[in-house]
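Peer 1: A predicted structure for the sequence below; I have some questions about it.
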Amino acid sequence: MEKLILVAGATGNLGERIVKALLKRGAEVRVLVGSNSDINKINILEKLGAKVFRVKIWNIEEVSTSCQGVSCVVSALAGLRDVVIDAQKVLLDAAIVACVPRCTFPTCNIHMMTQ
């Protein structure tokens, strides 16, 4: 496998497992982390061989920069509406801007949400 894959949410349990599985299969892995991500978890990802892209502000412009050149975006983001809906929408829009051919959102199990 000679693909460059971006994983968002890699500091979480599922995200780290995805990163490990991709690296084991020979993928080049880029992880997208926010400014408040756990530094210890980031260090683990770097030691595993993932390239870390830090974003200060989670917006389309910044996130799309980290999406440049990837063949797939994988989102392992988890949380409430601000993450499951809002942050993943920014991630998807950024992938579109960067012309990423494939996106997968394995954690996207949306429940009925009321405001």
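Peer 2: Structure's in. What do you need?
Peer 1: drop to CA atoms for contacts and neighbour counts, all remaining ones
Peer 2: Fine.
Peer 1: Buried residues of stretch 78-85, list them for me.
Peer 2: 78, 84 (16 or more other Cα atoms under 10 Å).
Peer 1: Between its first and last residues, what's the separation in that stretch?
Peer 2: Stretch 78-85 stretches 10 Å from its first residue to its last (Cα to Cα, to the nearest Å).
Peer 1: again, but for stretch 47-59
Peer 2: End-to-end distance of stretch 47-59 (Cα to Cα): 27 Å.
Peer 1: repeat for stretch 30-43
Peer 2: 13 Å.
Peer 1: And for stretch 60-77?
Peer 2: 16 Å.
Peer 1: Now find how far off-centre stretch 17-28 is within its chain.
Peer 2: Relative to its parent chain, stretch 17-28 has a centroid offset of 13 Å by Cα atoms, centre = their mean, to the nearest Å.
Peer 1: Stretch 45-54 too?
Peer 2: That offset, for stretch 45-54, works out to 12 Å (Cα atoms, centre = their mean).
Peer 1: Who are the packing partners of the helix or strand bottoming out on mean pLDDT in the chain?
Peer 2: Sorted by mean pLDDT, DSSP states H and E, the helices and strands of the chain end with helix 81, the least confident at a mean of 81. On a contact count with 3 or more Cα pairs under 8 Å, 6 or more residues apart in numbering; DSSP states H and E, helix 81 meets no helix or strand.
Peer 1: Fine, thanks again, bye for now.
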